[in-house]
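1. Sequence first, then the predicted structure, then my questions.
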Amino acid sequence: DMAEPIQQLTRNNNPQERQTIPFTLIQRREKLGDLLYEKRQYGKAKWACIKMKEKQYEQSICLGFMKLMRYICEQNSSGLYLGITIPIVTIVHTNESQSEMSESVTVAYYLPEVLQDEPPHPFDSDIIIEEWPSTIVYSR
């Protein structure tokens, strides 16, 4: 099922073609010279998002990522490979009291700068294009 998207990604697996999302570094945490995480602020932008709820948290992330990869690799209204932006963001949802994680996660792909004004529509109705306000993200 993922053979075509993986082949497309492999053909386009040139690190220079990966667009890093523009951000402002707020905080960087290291331990013994190793990066633990960065706290980043991303500006207002459009993201392709999918919310998944599987029995296991990891399964939700994997399935959401695979669906986004299909969108990135031609299953969109442009019919073109959209290019990779990094990082792909995972939003962990919690219960109402925020005391425990839910099985539901959102996996999000920042649309490249050239597509921000007119993003291609996904063929998968589970993928939604959202405009996010300025956002704080923790990245590893």
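-> Perfect, I can see it now. Since the structure is predicted, the reported quantities are computational estimates derived from the model, not experimental observations.
2. next structured bit after the longest helix seen in the chain?
-> What stands out as the longest helix in the chain, according to DSSP state H, is helix 57-72. Toward the C-terminal end, the helix or strand that comes next after helix 57-72 (DSSP states H and E) is strand 85-86.
3. how about the strands in the chain?
-> Listed in chain order, the strands of the chain (DSSP state E) span 19-20, 23-31, 34-42, 45-53, 85-86, 89-94, 101-110, 127-132, 135-139.
4. Export the ones you listed as CSV, with columns for mean pLDDT and distance to Y71.
-> Backbone N, C-alpha and C define where each C-beta goes, glycine included. Output for those, formatted as CSV (pLDDT from 0 to 100; distance: least, CB to CB, whole Å):
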stretch, mean pLDDT, distance to Y71
strand 19-20, 85, 16
strand 23-31, 95, 22
strand 34-42, 95, 20
strand 45-53, 96, 6
strand 85-86, 90, 12
strand 89-94, 87, 15
strand 101-110, 88, 7
strand 127-132, 97, 5
strand 135-139, 91, 20
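5. Adding distance to K67 and mean neighbour count, write those out as TSV.
-> Listed next are the strands of the chain as TSV, based on distance: least, CB to CB, whole Å; neighbours: other CB atoms under 10 Å:
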stretch	distance to K67	mean neighbour count
strand 19-20	20	12
strand 23-31	25	11
strand 34-42	22	14
strand 45-53	5	19
strand 85-86	16	16
strand 89-94	13	14
strand 101-110	8	19
strand 127-132	6	15
strand 135-139	21	15
